[in-house]
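In: I'll drop the sequence and a predicted model, then ask my questions.
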Amino acid sequence: MALQLPRDWRLQAQRYRLLGAKCRGCGRVVVPIRPVCPGCGSDDVETIKLSGRGEVYSYTVMYKVPDSFERSVPYVVALVRLEEGALISAQITDVEPEEVVVGLPVEVVFRQWRQYGADGHIVYGYKFRPVMPGMAATQ
Ligand SMILES: [Zn+2]
C-alpha cells in the first residue's frame, strides 16, 4: 500500500485540476497527460485545463470491489468523452446506477476516492455526476 503513495501525490495536481495533454500537431487531447501524442506520435504537446464537461461514452456497474470501496457499492465506472474529445475513465457519482445511460451529460466533481487502512490516508480525485436541468442553481 505504501508504494502507491508517491504516485498518488504525483498525480494529485492532475486530479484536482483535471488537466490533459493537447497535441499541437493533430489537436488530439488525452488524459492523463502523456509526453507523446498517441494519435500522430508528435512530442509537441501542451498541458491544458479541461472543462470537466462531457457525456457518458460507456459504463459498467461495479458490485464487487476492493474493501476500501465497500461503502459505495454498487457504483458506476464510466468512460466519459469530454468536450475536448478525450476519453477518461471515472466513477459516476450522485446517481443511481440504473439511471446512467450512454450519452448522459456529466460534469466533474472532486470527491474522496478511497481511504487506506491503518493510517486512514485519504485520496481525493475526480468523479463525474449527471448534469440535470436547473441543477446548477441548487449547488
Ligand atoms: Zn498528435
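Out: Sure, I can see it. Because the structure is predicted, anything quoted here is derived from the model rather than measured.
In: what about the protein, any weak spots by pLDDT?
Out: Applying pLDDT under 70 to the chain picks out residues 1-16, 65-72, 113-124, 133-139.
In: which parts of it sit against the ion?
Out: Applying Cβ under 5 Å from the ion, one finds that the chain approaches the ion through Cys23, Gly25, Cys26, Arg28, Cys37, Gly39, Cys40, Ser42. Every residue, glycine included, has its C-beta placed from N, CA and C.
In: Isn't Thr47 up against Ile33?
Out: Yes. Using Cβ atoms under 8 Å, Thr47 makes contact with Ile33 at a distance of 6.0 Å.
In: When these two are compared, which one has more neighbours?
Out: Ile33 (16 against 12; other Cβ atoms under 10 Å).
In: in this protein, which spans are helices?
Out: Counting by DSSP state H, the chain has helices at residues 4-17.
In: Strands of that one, start to end?
Out: Ranges of strands in the chain, per DSSP state E, are 19-23, 29-30, 45-49, 53-62, 75-82, 87-92, 105-115, 122-130.
In: so which of these gets nearest Glu98?
Out: Comparing the strands of the chain by their distance to Glu98 (Cβ to Cβ), the top pick is strand 53-62, with 8.3 Å.
In: What lies in contact with that closest one?
Out: Among residues not part of strand 53-62, those counted as contacts by Cβ atoms under 8 Å, 6 or more residues apart in numbering are 69, 73-83, 87-88, 92, 97, 100-108, 128, 131.
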